[in-house]
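S.K.: Any chance you could fold what I've pasted below:
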Amino acid sequence: MTKQMHTGRAVRRILITTGLVGSMMLVAACGGSSDSGEAAGESAPAAAEEAAPAETAASEEEAPAELIPIKYVQPWVIQGESAGQFAAVREGFFAEEGLDVEIIPGGPDVRAGALLASGSADFAVMNPAGVYTNRQEDIPVVGVGGINQADGLFIMCKTSTGIDGFEDLAGKKVGIWVGGGEAGIQAATVKAGLAVEDVEWLPQKFSMEEFFNDAFDCASATEWNEKHVVYKEGYTAGTDVNELRPTDVGLFLPGDSIVTLESTVAERPEVVQGLVTGTLRGWQWVCSSEENRKAGAQYTVDAAPDLDLDLQIIQVNEMCSLMSQGPAAEAGMIGDMVQSSWQQSADAALAIGQLEQPADVATAFSDQFVAAVPADYRKITWQ
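M.R.: Residues are numbered from 1 along each chain as shown. Predicted structure coming up:
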């Protein structure tokens, strides 16, 4: 989109220059036909002086404002989980908000909070637990918009282990993604009546390799990715694998959320508004039809050609489901950040020792920007 806008500016500059040259040629031609050479010499400069302000005004009116460059860190490597953000870039939604957004992939070695604090990024996507832990480390991250109303992280346990619920995890080997991916799972275990220490938590690779090789009794998975990798290998839900989610024990945790620094909110609220509006508009557009979901998935494949398009479509479908659950389903709108959900996330982080003291939930997020997004950009039009 940026390249197209730059091209448009070049075309307008050419037209304006051509118009100016044409005007001067016309003035010269009219002067040449005058009976008085002296009169012609006087009239041409006068006409040129009169034309110049008009051309300058036209140039100022037609030249679009420069887009503000923004670096936007994603929660993971490029995949369908970020399709709404890519759609907002490719469909021009960010540009319409005056932003030139660069999508920055996340990953196991990417610390979004540190990138925000250093000024290397302007916005990021992380779950509320990450907001609280960053704030504990004196990085004043604040949530400014919701994406997933429900966290998509859960564990998959082979039925041969005899594990049917979180209360059965005592003494079992459970793979977790250390550094944020363990919060909901461990909190659900505590809520089921166990202590964190009752379970043997093992660092899991960013794959299901250990699960397939029986190194774990249970492995971490996301709704949009690893779950489908497992079932693609021939496993069957309920027969070969049991899925355990925090919601099984009444723990409803929000997932991906748009975050930035408190200073950005205070000093650049119009930029925050544009980023939130563009992101939610991107997701609403992606989820609104099967055709758009495929397009959103394709946008991620365009950015990372090694991706499997069919799997990215599945990821997009799962994301659209997660963002339209719970409070979003009740309101019929995506994007809200609900106090009770964010409180549960803070309580969960405290229960497993991620936080040293209770978080000040009220200061960890602001819903003012979501509230200002046009309703048509948030409306849930899908099941």
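S.K.: Regarding stretch 121-129, how distant is the last residue from the first?
M.R.: In stretch 121-129, first residue to last residue: 20 Å (CA to CA, to the nearest Å).
S.K.: ugh, wrong one, I meant stretch 195-213
M.R.: 27 Å.
S.K.: can you check stretch 206-215 too?
M.R.: 14 Å.
S.K.: List the buried residues for that stretch?
M.R.: 208, 210, 211 (16 or more other CB atoms under 10 Å). (Glycine included, C-beta is placed from N, CA and C.)
S.K.: Which ones among those residues map onto strands?
M.R.: For those, not one is inside strands, with DSSP state E as the criterion.
S.K.: Tabulate the residues you listed (a markdown table), appending pLDDT and distance to residue 373.
M.R.: Formatted as a markdown table, the buried residues of stretch 206-215 follow (pLDDT from 0 to 100; distance: CB to CB, whole Å):
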| residue | pLDDT | distance to residue 373 |
| --- | --- | --- |
| 208 | 94 | 37 |
| 210 | 94 | 41 |
| 211 | 95 | 39 |
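S.K.: Need these in JSON lines (columns: distance to residue 372).
M.R.: Output for the buried residues of stretch 206-215, formatted as JSON lines (distance: CB to CB, whole Å):
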{"residue": "208", "distance to residue 372": "41"}
{"residue": "210", "distance to residue 372": "45"}
{"residue": "211", "distance to residue 372": "44"}
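S.K.: quick check, nearest of the residues you listed to residue 265?
M.R.: residue 208 (38.6 Å; CB to CB).
S.K.: I figured the closest one hits residue 228, correct?
M.R.: No: counting by CB atoms under 8 Å, residue 208 stays clear of residue 228, with 10.4 Å between them.
S.K.: which residue ranges form the helices in the stretch 51-200 of the chain?
M.R.: Per DSSP state H, counting those that start in this stretch, the stretch 51-200 of the chain carries helices over the ranges 83-90, 93-96, 112-118, 128-136, 183-191.
S.K.: pLDDT weak spots in the chain?
M.R.: Regions of the chain meeting the criterion pLDDT under 70 cover residues 1-64.
S.K.: care to break it down by domain?
M.R.: Segmentation of the chain into domains, based on automatic domain parsing, reads 2-62, 68-148+266-377, 153-249.
S.K.: Which of these sits closest to residue 257?
M.R.: Proximity to residue 257 (CB to CB) singles out domain 68-148+266-377 among those, at 4.7 Å.
S.K.: Quick check: the closest residue in space to residue 338 that isn't next to it in sequence vs residue 150, distance?
M.R.: In space, and not counting its chain neighbours, residue 338 is closest to residue 327: 4.5 Å by CB to CB, 6 or more residues apart in numbering. Taking CB to CB, to the nearest Å as the measure, residue 327 falls 10 Å from residue 150.
S.K.: When these two are compared, which one has more neighbours?
M.R.: Between residue 327 and residue 150, residue 150 has the larger neighbour count (other CB atoms under 10 Å), namely 23 against 18.
S.K.: Let me know whether that one touches residue 324 as I believe.
M.R.: No: when contacts are counted by CB under 8 Å, residue 150 is not listed as touching residue 324 (9.3 Å).
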